[in-house]
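>>> just coords:
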């Protein structure tokens, strides 16, 4: 899944969220979709990309500033989802907050 | 897929590689495995995590320094793979080189 809202201007920040899910959906899919929509509307949101296979899921979201990341982390609806994540949905996860130093891309002609 | 070789010590760096594949394997699977093994043995390699679904693949590799990332980018076998990637395997990809500023994790009890 790819959501792009703005062309990022340096410097910008990335949050790498990698996770292993517990068995069963338990409301996860609906909440994940809701959180994607909610994150996309946050001030300072630049974009998001996400992939999940049987072993691991990785979501990277991009933000204008560390403040924007902090505000999203403390968003009340997001807090509810974070708690459900720890109680029910994730066996484990890791979060890495990064400053994007350099970026390049390739597109087949 | 998760490979961890060393506990990272701050500061360290992440390379976020996200890609959309062309149709068919065309030798990709074998080369990807070879590159994972080769990367894991590079000086300064800290770990790697990878997920791919029907739409997108994301691989994040972690490194001790920007120099280690540069050396791996210029590795001759890796260069061959990069060229094949552009010619055959990827419709598009993006690479983001990041400094990890902060990290935390959760593990279900």
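Perfect, I can see it now. What you see is a predicted model; the values in this text were computed from it and never measured.

>>> low-confidence ranges in chain A?
Scanning chain A for pLDDT under 70 picks out A:5-9.

>>> up against chain B, what does it have?
Residues of chain A lying close to chain B by Cβ under 8 Å from any Cβ of the partner chain are A:1-2, A:13-14, A:16, A:18, A:22, A:49-53, A:55-58, A:60, A:66, A:85-86, A:90-108. C-beta coordinates here come from the backbone N, C-alpha and C atoms, glycine included.

>>> quick check on the residues you listed: which are buried?
Buried subset of the residues of chain A next to chain B (neighbour count, 16 or more other Cβ atoms under 10 Å in any protein chain shown): A:13-14, A:16, A:18, A:49-52, A:56-58, A:60, A:85, A:90, A:93-100, A:103.

>>> now the angle from the strand ranked longest in chain A to strand B:90-107?
The residue-count maximum for a strand in chain A (DSSP state E) belongs to strand A:90-107. Here strand A:90-107 runs at an angle of 160 degrees relative to strand B:90-107 (axes from the mean of the first three to the mean of the last three Cα atoms, to 10 degrees).

>>> and strand A:90-107, how far from the chain's centre?
Distance of strand A:90-107 from the chain centroid (Cα atoms, centre = their mean, to the nearest Å) equals 9 Å.

>>> strands paired with it, and their directions?
strand A:12-21 (antiparallel), strand B:90-107 (antiparallel) (DSSP bridges).

>>> which is the succeeding secondary structure element to the shortest one?
The reference is to strand A:12-21. helix A:28-40 (DSSP states H and E).

>>> residues in contact with that next one: which ones?
A:1, A:3, A:5, A:21, A:45, A:48, A:50, A:61, A:72, A:75, A:77-78, A:81, A:84, A:88-89 (Cβ atoms under 8 Å, 6 or more residues apart in numbering or on different chains).

>>> now that helix: buried residues?
Within helix A:28-40, the residues scored as buried using 16+ other Cβ under 10 Å are A:28, A:31, A:32, A:35, A:39.

>>> any idea which helix or strand comes after it?
Using DSSP H and E, the first helix or strand after helix A:28-40 is strand A:45-52.
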